[in-house]
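Peer 1: no sequence on this one, just coordinates:
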């Protein structure tokens, strides 16, 4: 009898070409499937809640897969953590009902984007933030971000060259807050995200924070559905998939 | 006219063989001196406040050096940050009086040791903490650490094989506190530290936290001046030189 496993995965995306398995590049999915094969002796395909891009990190990526392994969750998790490279960790493992699917069952996801806003770059957390040396106007960015709460066609913030599809998503919550050491955290919760959506929103918000755009301009970009009007895509290293809600 | 420069340096020690210049290993001092040579055209020797070991990090290492460069502090700092690898950053640069010396003028230093105390290891900050999966008794560790406030011969916590020297140091302040995500921070301020002293103290404290030793046993070890009685040296990756006071 196959059981439906759910795992929650923390990873440092710095050295990976993203989540999704590819022909000739190192990815998180591939690493986990390789270890599952060692542990269970079988080929297992895992489904992730979201396809994080190259360099993006996770504290809460969730994946599901079926296996007839006799191992209990605790033992399976222990085996995975022992055999996975040290930039991937399985934080939780549980058994779900057969209908559960990490991607299709997801109700919403939270992403964080971390900006280090101080004159001098950092050394220690350099892979976990985007450094912006000029002072960002916190109030202006918050004002702009307020415009995207709700259901919109987010084509303007979709990655160029993405396959044509439904670009309507609902932003359920947003927040911007400061953390010790000069960090600004952008938090977005949505029922789903388009490719590069968070990074394009943050890239454009940073231009608002730098005074290169107004909050009203940000609103216009959203309504335009025109990718070429938005700002540049913020670097992958500041982005974290924090949590998937079911 | 030579000026006496003081710089404060942040670094991620993961890929370095410590602070101090060596014949055939990559060190922080060597990297900075190499870039100073490029900028000023002259060989400059810099003096660091403390010789951090391989893998140890810094938010506050301080160094001083003399140079007849015509550059202002701001420009020198900018040049250094542009040319240094991204795991080293110059946080401050100033000109001091001629008698100032980063090591000899130092009054005290603060070190932090970060332990991640939760059942599952992490991925994202793996180079910036020591993972201890079993629950540490916070109260017992604090009780033990209280015994070392004051002036003592710290031979019991000195690195084995260290050159014979005066092993008396004064611990001015200590603290242990918890941070979000399961982190425990050990903070120690002293007029000076012996080689491996913080890591040996923390390694022994962890054994107290795990119930393998009592706080009284910790006190006995200190008084014994006998290195072989103390616990093992905690991993370098959890250690941070935070600040040097002058």
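Peer 2: Sure, I can see it. These numbers come from a predicted model, not from an experiment.
Peer 1: now do stretch A:146-155: everything it contacts.
Peer 2: A:167-174, A:194, A:197, A:201, A:215, A:218-219, A:222, A:225-227 (C-beta atoms under 8 Å, 6 or more residues apart in numbering or on different chains). No exception for glycine: its C-beta is placed from N, CA and C like everyone else's.
Peer 1: show me these that map onto helices.
Peer 2: Of those, the ones assigned to helices by DSSP state H are A:197, A:201, A:215, A:218-219, A:222.
Peer 1: of all the residues you listed, which comes closest to residue A:8?
Peer 2: residue A:197 (22.2 Å; C-beta to C-beta).
Peer 1: quick check: the gap between the residue nearest to that closest one when sequence neighbours are not counted and chain B.
Peer 2: Leaving aside its chain neighbours, residue A:197 sits nearest to residue A:157 (5.0 Å; criterion: C-beta to C-beta, 6 or more residues apart in numbering or on different chains). Note on residue A:157: its distance to chain B, by C-beta to the nearest C-beta, to the nearest Å, is 26 Å.
Peer 1: just the buried ones from the contacts of stretch A:146-155, in ChimeraX syntax?
Peer 2: Only the buried entries of these go into this ChimeraX selection, using 16 or more other C-beta atoms under 10 Å in any protein chain shown:
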select /A:167,169,171,172,174,194,197,201,215,218,222,227
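Peer 1: report pLDDT for the residue nearest to residue A:197.
Peer 2: With respect to pLDDT, residue A:157 scores 94.
Peer 1: residues touching it, list them.
Peer 2: Residue A:157 is in contact with A:194, A:196-197, A:200-201, A:204, A:221-222, A:227, A:230, counting by C-beta under 8 Å, 6+ apart.
Peer 1: doesn't residue A:78 belong to a strand?
Peer 2: No. In this structure, residue A:78 is helix, not part of a strand, as judged by DSSP: H, G, I helix; E, B strand; the rest coil.
Peer 1: and it, how many neighbours?
Peer 2: 17 (other C-beta atoms under 10 Å in any protein chain shown).
Peer 1: what's the answer for residue A:159, then?
Peer 2: Residue A:159 has 14 nearby residues by other C-beta under 10 Å.
Peer 1: excluding its backbone neighbours, what's nearest it?
Peer 2: Counting by C-beta to C-beta, 6+ apart, residue A:196 is the residue found nearest to residue A:159 once chain neighbours are left out, at 3.5 Å.
Peer 1: so the one you found makes contact with residue A:52?
Peer 2: No. Residue A:196 is not in contact with residue A:52 according to C-beta atoms under 8 Å; the separation is 11.2 Å.
Peer 1: related to what we said a few turns ago, just name the closest of the contacts of residue A:157 to residue B:94, please.
Peer 2: Using C-beta to C-beta, residue A:204 is the member of these that lies nearest residue B:94, at 37.7 Å.
Peer 1: how many neighbours does the closest one have?
Peer 2: 27.
Peer 1: could you do residue A:44 as well?
Peer 2: By the criterion of other C-beta under 10 Å, residue A:44 has 18 neighbours.
Peer 1: quick one: it from chain B, how far?
Peer 2: Residue A:44 sits 21 Å away from chain B, going by C-beta to the nearest C-beta.
Peer 1: so for stretch A:51-71, what gets flagged as buried?
Peer 2: For stretch A:51-71, the neighbour count (16+ other C-beta under 10 Å) marks A:51-65, A:67, A:69, A:71 as buried.
Peer 1: swap that for stretch A:184-194, please
Peer 2: A:184-190, A:192-194.
Peer 1: closest to chain B out of these?
Peer 2: Chain B has its nearest neighbour among the buried residues of stretch A:184-194 in residue A:185, at 12.9 Å by C-beta to the nearest C-beta.
Peer 1: name the residues linked to the closest one by a beta bridge.
Peer 2: residue A:114, residue A:177 (DSSP bridges).
Peer 1: what sits against the residue nearest to residue A:159?
Peer 2: By C-beta under 8 Å, 6+ apart, the neighbours of residue A:196 are A:53, A:157-159, A:162, A:233.
Peer 1: please identify which helix or strand holds the closest residue to residue A:2 other than its chain neighbours.
Peer 2: Spatial nearest neighbour of residue A:2, chain neighbours left out: residue A:66 (4.4 Å); criterion: C-beta to C-beta, 6+ apart. Assigning secondary structure by DSSP states H and E places residue A:66 in strand A:57-67.
Peer 1: up against chain B, what does chain A have?
Peer 2: Contacts of chain A with chain B, taken as C-beta under 8 Å from any C-beta of the partner chain, map to A:10-12, A:57, A:59, A:77, A:81, A:86-91, A:120-124, A:126, A:128.
Peer 1: got a PyMOL select line for the buried ones in these?
Peer 2: A single PyMOL command selects the buried members of the residues of chain A next to chain B (16+ other C-beta under 10 Å):
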select buried, chain A and resi 10+11+12+57+59+77+81+87+88+89+90+91+120+121+122+123+124+126+128
